[in-house]
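Engineer: I'll drop the sequence and a predicted model, then ask my questions.
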Amino acid sequence: MPIRVAAEALTPLVSGLAFPEGPRWHDGALCCSDIADGKVLRISEQAQVSVIAAGLQRPSGLGWLPDGRLLVVAGEQRQLWRREGDAWALHADLSSLVPATCNDMVVDAQGRAYVGNWGSNYEAGDKPANTVLVCVGPDGHARVVADDLAFPNGSVITPDGRTLIVAETFAGRLSAFDIADDGTLSRRRVWATTDGANPDGICLDADGAIWLASPPSSEVIRVLEGGAVTHRIKTAANAVACMLGGSDRRSLFILSTQLFDRVDGRRRFNGVQRLRELRAGRIDTLRVDVSGA
């Protein structure tokens, strides 16, 4: 049986955010986007919050090039931006390759960015549609490297750089690919089904297990390859992402917000304006036994 942790056991770190997403532990702090506020934030373990960038249009996934320059997914514009000093430069325009809003991203040691997207505008009520995963090279060249994915969302790359694992949110599974020397993906397989959870943001620990956030079930779970679940953590709001960090990489940061409302008995996705009004976004922490990969 998995270890179960109640929401009350989590330690609050930051509250009053709108829609925190895309967390990364970088340079001794947690960095994340606040999608609805158009900001990229840096948060210390002592809960000191600073704004790395503001005035962005729906920022999402974060990553860094090998020389330290920040990459940010511009969701609605279907673009990838690059930070150049105090200014932004267009790193890649993905609008001709992806059909809908871009979301999460992982960047490998060579500076290749793997970017997911929604597949369709489900926020406006469109039916789900499978879609592609795009790889953007460090020079900004973009290409499709996988297709027929059910809402490719959070991704991780194993420490050896040879395997990419992506959350397929609408399929309730984690899918793995081999990464070739040129960044091409092959040998797709199911890494794990997620025991009724819909995986959004994910992170990898040193034992090779994946922590995943599931917004509809308001929980974070730890799953092994093959699908065995070792931990289930309930969250007060809808968990959207998680990241292992801290000085020893054993602090699990859990990002959540009130992503859904009930209207006439049906679940409705809260848009950007509603999320700004609610300001239910928060980051909680939990100490875990296994450090981040």
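Structural biologist: Thanks, I have the structure now.
Engineer: tell me where this protein has helices.
Structural biologist: Assigned by DSSP state H, the chain shows helices spanning 272-278.
Engineer: which ones are touching residue 90?
Structural biologist: 79-82, 140 (CB atoms under 8 Å, 6 or more residues apart in numbering). Every residue, glycine included, has its C-beta placed from N, CA and C.
Engineer: now residue 276
Structural biologist: 18, 36-37.
Engineer: let's have the residues you listed in CSV, adding neighbour count, distance to residue 136 and pLDDT.
Structural biologist: Converted to CSV, the contacts of residue 276 look like this (neighbours: other CB atoms under 10 Å; distance: CB to CB, whole Å; pLDDT from 0 to 100):
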residue, neighbour count, distance to residue 136, pLDDT
18, 23, 27, 97
36, 25, 25, 96
37, 23, 25, 96
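Engineer: which of the residues you listed lies closest to residue 123?
Structural biologist: Distance to residue 123, by CB to CB, is smallest for residue 36 among those, at 12.3 Å.
Engineer: quick one: the closest one from residue 278, how far?
Structural biologist: Using CB to CB, to the nearest Å, we find residue 36 at a distance of 9 Å from residue 278.
Engineer: any common contacting residues for those two?
Structural biologist: residue 18.
Engineer: in the stretch 1-150 of the chain, where is pLDDT below threshold?
Structural biologist: Residues of the stretch 1-150 of the chain that meet the criterion pLDDT under 70 lie in 124.
Engineer: what ranges do the strands span in the stretch 151-293 of the chain?
Structural biologist: 152-157, 163-168, 173-179, 185-193, 202-204, 210-214, 219-223, 229-234, 238-245, 251-257, 260-263, 266-269, 281-287 (DSSP state E, counting those that start in this stretch).
Engineer: give me the neighbour count for residue 11.
Structural biologist: Residues contacting residue 11 under the criterion other CB atoms under 10 Å number 10.
Engineer: list the contacts of it.
Structural biologist: By CB under 8 Å, 6+ apart, the neighbours of residue 11 are 284-286.
Engineer: list only buried entries from the contacts of residue 90.
Structural biologist: The neighbour-count test (16 or more other CB atoms under 10 Å) applied to the contacts of residue 90 identifies 79-82 as buried.
Engineer: could those be laid out in a markdown table, adding distance to residue 23?
Structural biologist: Formatted as a markdown table, these follow (distance: CB to CB, whole Å):
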| residue | distance to residue 23 |
| --- | --- |
| 79 | 21 |
| 80 | 18 |
| 81 | 18 |
| 82 | 20 |
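Engineer: what's the closest of those residues to residue 234?
Structural biologist: residue 80 (34.3 Å).
Engineer: tell me how far the closest one lies from residue 271.
Structural biologist: Per CB to CB, residue 80 is found 23 Å from residue 271.
Engineer: same check, this time on residue 291
Structural biologist: On the measure of CB to CB, residue 291 and residue 271 end up 37 Å apart.
Engineer: centroid-nearest residue for this structure?
Structural biologist: The structure's the chain has its C-alpha centroid closest to residue 201; by CA atoms, centre = their mean the separation is 3.5 Å.
Engineer: please name the residues that touch that residue.
Structural biologist: So residue 201 contacts 21-23, 104, 153-154, 167, 212-213, 240-243, 255 (CB under 8 Å, 6+ apart).
Engineer: filter these down to the buried ones, ChimeraX style.
Structural biologist: ChimeraX command restricting the contacts of residue 201 to the buried ones, with burial defined by 16+ other CB under 10 Å:
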select :21,22,23,104,153,154,167,212,213,240,241,242,243,255
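Engineer: ok, the contacts of residue 201 vs residue 67, which is closest?
Structural biologist: Once CB to CB is applied, the member of the contacts of residue 201 that ends up nearest residue 67 is residue 22, at 20.5 Å.
Engineer: that closest one contacts residue 243, correct?
Structural biologist: No. Residue 22 lies out of contact with residue 243 (CB atoms under 8 Å); the separation is 9.1 Å.
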